[in-house]
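Enquirer: Any chance you could fold what I've pasted below:
(2 chains)
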Amino acid sequence: MTVMVDIRKVHKSFGTLEVLKGIDLSVRAGEVTVVLGPSGSGKSTLLRTINHLEKVDRGTISVDGALVGYRRSGDRLYELPEREVLRRRTRIGFVFQNFNLFPHLTVLDNVIEAPVSALKRPRKEAVDSARRLLERVGLADKADAYPRQLSGGQQQRVAIARALALEPKLLLFDEPTSALDPELVGEVLDVIRGLADQGTTMIVVTHEIGFAREVADTVVFMDDGRIVEQGPPAEVLERPGEERTRLFLSKVL
Amino acid sequence: MSSDTLAKASAAPDAPEHEDIPRIVPHRRPGQWTAAVAVLVLLGLAVNSVLRNEAFRWDLVADYFTSDSVLRGLWLTLWLTAVVMVLGFALGTLLAAGRLSANPVLSSVSWGYVWLFRSIPILVQLLLWFNIGALYPQVFGVKTVNLFTPVAVAIIGLTLHEAAYAAEVVRGGILSVDRGQIEAAQALGLGRWRRWWRIVLPQAMRSIVPPAGNMLIGTLKGTSIVSVIAVQDLLFSVQLVYHRTYQVIPLLMVATVWYTVVTSLLGVGQHYVEKYYARGAGHTR
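Expert: Modelled structure (predicted):
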């Protein structure tokens, strides 16, 4: 299978704190990669560097064969103008921990915003496909509601529909269920599971070990800015090779 | 009256309900009643004295209220307020953007502007612009005094003053928008202008509108200061009349009532604007 995401020797610091210390990771098209690790291990930062919300200090990240924020010429990377970065980003969907729906827009307007203004789709076409997406996440009847009239789980499902509206080649989830009440976690994971079954390429940062075991093709365990180990869930979760992974799993299970 | 209600309250336990659930008796507040009566009496006395005092000459107030010169002054006050608000907020928004920009020069210059123009009293500023000819007798070959007419000075001075305050109001509004909103818009590939007009500004407006409404009302009344440089606004118009007729109080009442009427209308408008920007916010009132 082709490689969708290729991360090489990525370093990132905030001030004097180095949060990514040389990350190498490759994600094949159609696979689900779940990133686990204690808070502060750099997993969210790694996810954010993939669509250039966070700039890397060193290393390269390419998605579907193209560097996201840069143009390579010889041994140099030139940062791209914002317009070009934005265009490349439309092929990557991002789902935030806190949903980040636009509170002053209806659910439908949230979903059609990017197709209409970033992809220049005709409004009617965008509305039709938005309604199909809302149906897919089970919220067809909420199109005219405002985000704050919805539960957290419903809001996150809208956020997923909004990300899907760009028909991205890759979906990134940053702890999509961490801000939810426990009884609402299931409905969001169901939607993500449905996407996995359809062969969507996804990278999911989460604390839901059960979800990782069931859905992931690859589990990546991060600690202190490094990838400690990675492999199929049966391996990493059941027979971890590293002491740090074992310690982490014993705490969260 | 209070002894009556007390009697009722104490009678309650004697009439038991079907079940043994005690009735709740609210705490009595005789002080509130006393204060209310005292205030109403004082208010009545004040209104009575205003209406009965012949010197107010309410008949003259009514005569001058819609006289041509007063209406012309009112019109100038209204459009001057509108122009100053629009230009002030336009410049203020630029200053706020400059202040929040990553460019240290733009940021410092914006900060310096706000610092300077908030430090100079508006009256001093108007007088300085009015006498600018002493510094620069000619601008682009034109005599400064012909360029800086009293109305032009009023617009320039009030706008520069307004912009300093508007900049802070707009900056506060922008800062009140959650950082995640901008990230979400960036992640969706929305361009800079789209992010600003469609995502940030409408949400910032929720915190901009209340202080902006306050500023609008303040500016409306604040324009009366231009009477010192002989711009014929509402106040200057009534002054012109009473310098001729010596009916000082009735004409000041004409101005007072007009300012009150317009301020009230603006307050009503602000209510609806706030309601519009609160959509999707859960609590609309």
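Enquirer: where does the chain have low pLDDT?
Expert: In the absence of a named chain, chain A is used. Across chain A, the ranges flagged by pLDDT under 70 are A:1.
Enquirer: I was after chain B.
Expert: Counting by pLDDT under 70, chain B has low-confidence residues at B:1-18, B:282-285.
Enquirer: Please list the residues of it that sit near chain A.
Expert: By Cβ under 8 Å from any Cβ of the partner chain, the residues of chain B that approach chain A are B:178, B:180-181, B:183-192, B:194, B:198-199, B:202-203, B:277, B:279-282. C-beta: built from backbone N, CA, C; applies to glycine.
Enquirer: Ends of stretch B:128-143, what's the gap?
Expert: End-to-end distance of stretch B:128-143 (Cα to Cα, to the nearest Å): 17 Å.
Enquirer: Please spell out which residues along that stretch are buried.
Expert: Buried residues in stretch B:128-143, defined by neighbour count with 16 or more other Cβ atoms under 10 Å in any protein chain shown: B:129-130, B:132-133.
Enquirer: Secondary structure added to these, as JSON lines?
Expert: Shown next, in JSON lines, are the buried residues of stretch B:128-143 (DSSP: H, G, I helix; E, B strand; the rest coil):
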{"residue": "B:129", "secondary structure": "helix"}
{"residue": "B:130", "secondary structure": "helix"}
{"residue": "B:132", "secondary structure": "helix"}
{"residue": "B:133", "secondary structure": "helix"}
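Enquirer: Please work out how many residues are found near residue 165.
Expert: With no chain named, the answer covers chain A. Residue A:165: 27 surrounding residues under other Cβ atoms under 10 Å in any protein chain shown.
Enquirer: Chain B is the one I meant
Expert: 21.
Enquirer: could you pull out the strands for the stretch 151-285 of chain B?
Expert: Assigned strands in the stretch 151-285 of chain B: none (criterion: DSSP state E, counting those that start in this stretch).
Enquirer: so who does residue 174 touch?
Expert: The chain I'm using is chain A. Taking Cβ atoms under 8 Å, 6 or more residues apart in numbering or on different chains, we find residue A:174 in contact with A:44, A:47-48, A:94-97, A:205.
Enquirer: Chain B is the one I meant
Expert: B:96, B:100, B:200, B:204.
Enquirer: again, 6 Å this time
Expert: Residue B:174 makes contact with residue B:204, according to Cβ atoms under 6 Å, 6 or more residues apart in numbering or on different chains.
Enquirer: and the gap between it and residue A:137?
Expert: Residue B:174 is 32 Å from residue A:137, where distance means Cβ to Cβ, to the nearest Å.
Enquirer: what does residue B:138 give?
Expert: 70 Å.
Enquirer: packing partners for the longest helix seen in chain A?
Expert: Ranked by residue count and defined by DSSP state H, the top helix of chain A is helix A:182-197. The contact analysis (3 or more Cβ pairs under 6 Å, 6 or more residues apart in numbering or on different chains; DSSP states H and E) places helix A:182-197 against helix A:152-164, helix A:209-215.
Enquirer: Among those helices, show me which one is buried the most.
Expert: helix A:152-164 (a mean of 25; mean count of other Cβ atoms under 10 Å in any protein chain shown).
Enquirer: Would you mind writing the CA trace of that helix as PDB?
Expert: The C-alpha coordinates for helix A:152-164 follow below in PDB (Å, rounded to 0.1, in the frame of the first residue of the first chain):
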ATOM      1  CA  GLY A 152     -20.900  17.500  23.500                       C
ATOM      2  CA  GLY A 153     -21.100  14.300  21.700                       C
ATOM      3  CA  GLN A 154     -23.400  15.800  19.000                       C
ATOM      4  CA  GLN A 155     -21.000  18.700  18.700                       C
ATOM      5  CA  GLN A 156     -18.100  16.500  18.100                       C
ATOM      6  CA  ARG A 157     -20.000  14.500  15.500                       C
ATOM      7  CA  VAL A 158     -20.800  17.800  13.700                       C
ATOM      8  CA  ALA A 159     -17.100  18.600  13.900                       C
ATOM      9  CA  ILE A 160     -16.300  15.300  12.200                       C
ATOM     10  CA  ALA A 161     -18.900  16.000   9.500                       C
ATOM     11  CA  ARG A 162     -17.300  19.500   9.000                       C
ATOM     12  CA  ALA A 163     -13.800  17.900   8.600                       C
ATOM     13  CA  LEU A 164     -15.300  15.300   6.100                       C
END
